[in-house]
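> Starting from these lines, generate the structure:
(one chain, ligands or ions: 3)
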Amino acid sequence: MSLKRLQIRIEGIVQGVGFRPFVFRLASESRLNGWVLNDSAGVLLEVEGFSSAVDDFVAALSNQLPPLASISRFYLEEQPLTGESGFRIVSSQQSDHLVAQISPDTHVCQDCLQELFDPSDRRYLYPFINCTNCGPRYSLVTAVPYDRPSTTMADFQMCSSCQQEYDNPVSRRFHAQPNACSACGPDLKLYDHAGHKLATRDPLAEVVKALHGGQIVAIKGLGGYHLAVDPHNEKAVARLRQRKKRDEKPFALMARDLDAAAEFVQITTEEKRLLETVERPIVLLEQRAEQRLICQLVAPRNRYFGVMLPYTPLHYLLLQEFPALVMTSANQTDEPIVFEDTEVFSHLAGIADLYLGHNRRIHIRTDDSIVRVLADAPVLMRRSRGYVPRAVRLPVAQPVVLAVGAELKNCICLTSGDRATLSHHIGDLKNPAVLKSLHQANDHLQQLLGVHPELIAHDLHPDYASTSFAQTIPNVPKLAIQHHHAHLASCLVDNGRDEEVIGVIFDGIGYGSDQHIWGGEFLLGDLGGFERVGHLSELAMPGGDAATREPWRMAFSLLYQAFGEDIPELSLFDDISPADKKLLCQMLGKGINSPLTSSCGRLFDAVSALAGLRNIVSYEGQAALELEMCLDDCLSLPAYTFELEKRAGQFVVTFSTLTRQLVADLEQGVSAGQISARFHQGLADIVLQSCVKIRAEYGARPVVLSGGVFQNAYLTERVCQLLKNEHFEVLTHRQVPPNDGGIALGQAAIAGRFLQT
Ligand code: ZN
Ligand code: ZN
Ligand code: FE
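Ligands and ions are numbered 1, 2, ... in the order given. Purely as a prediction, here's the structure:
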């Protein structure tokens, strides 16, 4: 029988996921000789033995991968025989080209859970149990290659029992970098409201007692601190709202298990799958009407609860005592999630009654991710813990680009070859603390990928903090990219496509190529460029930015556009004096401090205010969200009528008939739920009509749906259905959010194409 020797290079998520032990076991079982090592590109190995055994080994490598591993590239090369005997794992090598993919943080695996609750196991009830198949990764990696000294676990010296597991190729903890036990690893620590350490032998028992008593406890998790409170206790939830100054934005819940969650939400098969995936995101689930377990204050005026299952061993221990807990990101309003032990007491002063911390450092913050099922498929609302730093594949390899995203829901993106790595969710850059987090994310990404950008892509908006950030980076050329073009490109790349499409891009606000505020756009374009072929009619925003916070202003503007100064008498405007109304009309008439916008988000605001839902908002997108939440399509009232005109070669969707129909409904006392249904249906109809006209004029192309408005389930599902009925191919987001959290991906791909043409 013939012998052969192969060198195999593997790239992908192959570090920190038990890949070398897996190779070792496989090679030993097949009696092959050679070695395996981690380097900065991934895994490199050589095997030598009988040809048939080597071939079987190669097949098994890809067929029997460890649960968290995934291979993106695989190279084989035959080598001369060396006659070496035995198989060994060689310690890590540094190389100058770093492309090794770090695994995301992953929920605790079944094997570890079994041990956690087994009284005879040496890690019985140990809150930091993990193995090569599970546990923290991204949040504690400080550098690549992924080895214990390059993680925050470098602080702990393994005891002899842990070291034996770590060195034993048949152990589930062979080279598990965060391996630890109660004798040698991190432990829990309890602090009072002022940050004084409390002497207790059982911190967890104290926390359970405090939560049962209605107290607010800050709990250190995987990517940052949560604030926990008993969701059944209305007074406690109210106290949390008041202390966080968070009047209405929903709080996330962590349920003990699926059965516990099923008590208060409805769960479809797809949603069940999402709740249980290794990423463990928050899933938006419809509330059960008759449930009594969770008080309404957890998610006021919302039909959904954001629910996740436990993902760390500590969560499992804690949730033994509760069917569910509020687990909301620990931060002051609009600030990033608190993750550093040095800042936690000052940042949460006056909010938390008690702190449950531990001494395993978090290197980089990552919020919980949020997913919603739209049109039977999961769509990310926020892509962070569990997904980051998994890369998105670009259509072609490109020069290195850094894309710095937009202003709200900021997330940045760094490319390397044909892979785009998006950062964790950074947040709203108006806040200085969030801006600091942007700098950290940028440094961290460049270090992990080991690349430096040749071009920096930023939003066309001159006043975004992300634009200023890009401007401050010296000696690298910059490229400004129109906001909605970036949305279009993001959805294209998200679907692995590279061609011209019709983009229906509906969002809150984006800076247009004509320096106006856009946000209800029909574009024809690809990665190389775009043409604005249509848009929603422009509405004035009386008071400028104030109109974003005060939807009644948009309602007034919509009425002014349809009726002029004869604004109908509506109770909505009862608080406004006739003199002020006159002043508003003058502002609108003369265009004083009333910038025009084609924003779909602002149109939603106007309708939400007219329907009596929301005059003033306390968080971004609230008016539109509440309009969707109240939707009642049980009745068969027809859709409102939007009209389509052609102006200067562009299709323009106008609102005057719609506005008259809406006012007539208000006079008839039609409910907000039905107004909402008629509005949503009308909007979906006009999207279809516009796409049909665009197709007739420019030819058939797929339609991409992107922008924050397409987080709206009813609208998205209806638009998809109508377009498909008319034989359009429809592309929606899969790997990154439709909102501005996904925009950096589009910027990166457009910039890459720019460099290559
Ligand atoms: Zn495990
Ligand atoms: Zn130990
Ligand atoms: Fe946007």
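
> and the residue in the stretch 251-400 of the chain positioned nearest to ligand 2, helix, strand or coil?
Closest to ligand 2 within the stretch 251-400 of the chain is Arg360: 13.4 Å, counting by CB to the ion. Where C-beta positions appear, they are placed from N, C-alpha and C, glycine not excepted. Recorded secondary structure, Arg360: coil (DSSP: H, G, I helix; E, B strand; the rest coil).

> and it, how many neighbours does it have?
23 (other CB atoms under 10 Å).

> what's the answer for Leu380, then?
Leu380, neighbours per other CB under 10 Å, totals 25.

> so what's the residue nearest to it when sequence neighbours are not counted up against?
Ranked by CB to CB, 6 or more residues apart in numbering and with sequence neighbours excluded, the top spatial neighbour of Leu380 is Pro737, at 4.7 Å. Contact analysis of Pro737 by CB atoms under 8 Å, 6 or more residues apart in numbering lists Val379, Leu380, Met381, Arg382, Arg383, Lys409, Gln711.

> returning to that earlier point: measure the residue of the stretch 251-400 of the chain closest to ligand 2 to Phe156 for me?
Separation of Arg360 from Phe156 (CB to CB, to the nearest Å): 8 Å.

> same thing with Leu584?
64 Å.

> What of Arg419?
32 Å.

> Repeat that for Leu755.
With CB to CB as the criterion, Leu755 and Phe156 are 44 Å apart.

> Likewise for Gly221?
Counting by CB to CB - Gly221 and Phe156 are separated by 19 Å.

> So for those two, which sits in the more crowded spot?
Taking neighbours as other CB under 10 Å, Gly221 and Phe156 compare with Gly221 leading, 27 against 19.

> show me the contacts for the nearest residue to the more buried one once chain neighbours are set aside.
Nearest residue to Gly221, sequence neighbours excluded (CB to CB, 6+ apart): Thr312, at 6.1 Å. Applying CB under 8 Å, 6+ apart to Thr312 gives the contacts His107, Val108, Pro127, Gly221, Leu222.

> Now do Glu550, the pLDDT please.
We have a pLDDT of 94 for Glu550.

> got it, and Ser423?
96.

> Settle this for me: the residue of the stretch 251-400 of the chain closest to ligand 2 is touching Thr152, isn't it.
Yes - between Arg360 and Thr152 a contact is recorded at 6.2 Å, counting by CB atoms under 8 Å.

> joint contacts of these two?
With CB under 8 Å, 6+ apart, Arg360 and Thr152 have common neighbours Leu140.

> Quickly list what the residue nearest to Met308 when sequence neighbours are not counted is bridged to.
Spatial nearest neighbour of Met308, chain neighbours left out: Ile282 (4.6 Å); criterion: CB to CB, 6+ apart. Beta-bridge partners for Ile282, by DSSP bridges, are Ile370.

> tally of neighbours for whichever residue of the stretch 501-650 of the chain sits closest to ligand 2?
With CB to the ion, the shortest gap between the stretch 501-650 of the chain and ligand 2 falls at Tyr619, namely 44.8 Å. Neighbour count of Tyr619, defined by other CB under 10 Å: 15.

> So it is in contact with Lys249, correct?
Yes - with contact defined as CB under 8 Å, Tyr619 counts as touching Lys249 (4.7 Å).

> Understood, closing this out.
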